[in-house]
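Participant: What shape does this take:
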Amino acid sequence: MYQTTSKKTPWIFCKDIINHPQKAMAWVWGYISCKHSMMYTLFVYTLLLILVLLYYVNHRESEPNHDETFKAKVQQSFIKFVEENMPKRDQNKETRAVYSMRTMSSNGSLLEDEHAKILKQRAGDIQREYIGFKNKKPFNFHCDKCAVVASSGQLLHSNSGQEIDNATCVIRMNNAPTIHYEKDVGARTDIRLVCFRSIDFMNKDTLMIGKARFDKMVIWGMENPKHKKIKETFTSKFIRKYPGVDYYSLSNSGEKKATRLYEEYLGMDRLKSNSWLSTGWFTMLFAVNMCDSITVYGLPDGNQCSAGSKKSILYHYYEKRYDECWMYNQHETRMKTGHRYLTEKAVFKQWAQMFNISFKAPAWNLTNVNASEPIKSPFISKMEKIGKKRTKR
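Facilitator: Model prediction:
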């Protein structure tokens, strides 16, 4: 007798999957292995894709926004710190002294000359924390005229190269190259101040020998106990590969001193405000103590960003990756961790009023800058608004 074998139609197959979603994968693979028809295989894959998409959409709608949740937690962290510390600064002289650079000036007790004297002394204390790898002695070097070269795309077509090379000492940051950019950034380098994270990028002959060779590399962040492996690699490989350079590393206590100074200007704890210090911060502190006069090239004050300029400028003259204003605004105003570039620049403006510091390519507007007043920046304004909202509650 002729007997037909039962087989599942596509509709029955769909019902099975819907009624038993946990067995969907087993059905799919079993069905594909039994049926070699291209049409059935295509049907199964399409159905599976639809089910996955439906699950994903429903899951996304039902679960909380993790990014917003994280942002709210960070805001709460900021608010808690503001409540605990900011109001206390106005109660008495002892608590105001906790954040002396910001709070003493707000009450008129820190004159510009006193501010400059204190800063010079503390910058010197920090510089003496840079210890040589070879001689184990503190960095001790003085220069009358320094060119500090940053990395803004505004250096391109500036024709600043010859002027930079005419300085007594040329200080560059991280792995910013000179080869192929000599006309705009100069060819000479005497000192490179490098973040511990940029050491790997420095491992290039085009930065360490030949025309790009320099005398001293000054590193910050490497003595932090958390960065022990970076130091071991640097000592065992990097120094052996390039032995002709004098290497100095900022001690962990020196880094804490630099951090403390930043916190005093900011008026709040660096970690609790989720702020990173930049190489620019360490470089300017370094130059303030070492140099009699400082000309800074390629470090914008950020005014072009607040003015709403639509012209795109490279964040680094040697990298075509990020827009300068986008980078500044992201780091300055977002609530997650980041560099507070515009806040640091607000501090540098005060330093320019106290010391022989000028800015070129681009030039800075230093009118209406008072070194005896608290600094102002988008980041600080945002934090103060958070504190006021919390107080009203």
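
Participant: my guess is residue 327 meets residue 315, correct?
Facilitator: Yes: shown here, residue 327 and residue 315 form a contact pair, counting by C-beta atoms under 8 Å, at 4.6 Å. (C-beta placed from N, C-alpha, C; glycine too.)

Participant: doesn't residue 352 make contact with residue 288?
Facilitator: No: applying C-beta under 8 Å, one finds residue 288 not in contact with residue 352, separated by 10.4 Å.

Participant: So which bits of stretch 226-244 are buried?
Facilitator: Counting neighbours by 16 or more other C-beta atoms under 10 Å, one finds that the buried residues in stretch 226-244 are 227, 230, 231, 234, 238, 242.

Participant: My error: substitute stretch 197-212 in the last question.
Facilitator: Within stretch 197-212, the residues scored as buried using 16+ other C-beta under 10 Å are 198, 199, 202, 207, 208, 212.

Participant: Redo those residues as a markdown table? Include secondary structure, pLDDT and distance to residue 158.
Facilitator: Shown next, in a markdown table, are those (DSSP: H, G, I helix; E, B strand; the rest coil; pLDDT from 0 to 100; distance: C-beta to C-beta, whole Å):
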| residue | secondary structure | pLDDT | distance to residue 158 |
| --- | --- | --- | --- |
| 198 | helix | 93 | 23 |
| 199 | helix | 92 | 28 |
| 202 | helix | 93 | 24 |
| 207 | helix | 92 | 21 |
| 208 | helix | 94 | 25 |
| 212 | helix | 91 | 20 |
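
Participant: Most widely separated two among those?
Facilitator: Of all pairs drawn from these, the one with the largest separation by C-beta to C-beta is 199 and 212; the distance is 16.1 Å.

Participant: I'd like to know which helix or strand in this structure has the lowest mean pLDDT.
Facilitator: Every helix and strand of the chain was ranked by mean pLDDT, DSSP states H and E. The lowest is helix 93-96, at a mean of 32.

Participant: Next, the nearest residue to residue 357 once chain neighbours are set aside: secondary structure please.
Facilitator: Using C-beta to C-beta, 6 or more residues apart in numbering and skipping the chain neighbours, the partner closest in space to residue 357 is residue 294 (4.6 Å). Assigned by DSSP: H, G, I helix; E, B strand; the rest coil, the conformation of residue 294 is strand.

Participant: Residue 336 versus residue 294, what's the distance?
Facilitator: When C-beta to C-beta, to the nearest Å is applied, the distance between residue 294 and residue 336 equals 32 Å.

Participant: of the two, who's got more company?
Facilitator: Summary of the neighbour comparison: residue 294 and residue 336, criterion other C-beta atoms under 10 Å, with residue 294 having more neighbours (24 against 11).

Participant: residues touching the more buried one, list them.
Facilitator: Each residue near residue 294 by C-beta atoms under 8 Å, 6 or more residues apart in numbering is listed here: 146, 148, 287, 288, 355, 356, 357, 358.

Participant: Mind picking the two most distant members of these?
Facilitator: The most widely separated members of these are 288 and 358, with 13.4 Å between them, by C-beta to C-beta.

Participant: any idea which element residue 344 lies in?
Facilitator: Under the criterion DSSP states H and E, the helix or strand holding residue 344 is helix 341-354.
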